[in-house]
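# quick one: sequence and predicted model below, then my questions.
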Amino acid sequence: MKKKTILIAGLLTLGVIGGVATSGSDSESEPKQAQKDKTVESKEATPVEAETAEEPKEEEPKKEEPKETGGQKNAVKKAESYLDYTAFSRSGLIEQLEYEGFSTEDATYAVDKVNPDWNEQAVKKAQDYLEYTSFSLDGLVEQLEFEGFTPEQAQYGADKAYN
């Protein structure tokens, strides 16, 4: 009977071990299957994502304005300084900067960058003239034109200062 008991116990042990091994492999195969499913889902999602995702656009290179040269920077400072002191026409300010030794290009750059209200400059210049001498309206317009103001700027300046 001992043999029978040992045989039954052995078979039961094998059965239990086999059951555990089978259920263990089933439980391991479920995660592997779930991983396969996830892999398939992610592979299926990838083309959809690719269709909806925009390709990165190449940014257009920013058009950088040319950097100011040393001469241009200094001409701008000098132009601002002159305008703080007295009134100028556009051409008169360029000529003054050239007289100071700036190139025509740097002087023109500076005047265009500062770009004051030329009508207001004509008014100030007309007022300056009227402070130290008398002019007829027409004479004042002519003097402002001589200084480099356009006929329109000269007329505007004289009219505002004269009245």
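Arrived safely.
# residue ranges with poor pLDDT in the chain?
Applying pLDDT under 70 to the chain picks out residues 1-63, 65.
# same thing but at 90, please
Counting by pLDDT under 90, the chain shows low-confidence ranges at 1-68, 162-163.
# how much space between the residue lying closest to Leu97 once chain neighbours are set aside and Lys113?
Nearest residue to Leu97, sequence neighbours excluded (Cβ to Cβ, 6 or more residues apart in numbering): Ala107, at 3.6 Å. Every residue, glycine included, has its C-beta placed from N, CA and C. Plainly put, Ala107 is 11 Å away from Lys113 if you go by Cβ to Cβ, to the nearest Å.
# overlap in contacts, those two.
Overlap of the contact sets of Ala107 and Lys113 (by Cβ atoms under 8 Å, 6 or more residues apart in numbering) consists of Ala79.
# before we move on, the earlier item: spit out the contact partners of the residue nearest to Leu97.
Neighbouring residues of Ala107 by Cβ under 8 Å, 6+ apart: 75, 79, 93-94, 97-98.
# for it, pull up the helix or strand it's in.
helix 104-114 (DSSP states H and E).
# ok so, going back, and which of the contacts of Ala107 is nearest Tyr132?
Closest to Tyr132 out of the contacts of Ala107 is Leu93 (21.0 Å), distances taken as Cβ to Cβ.
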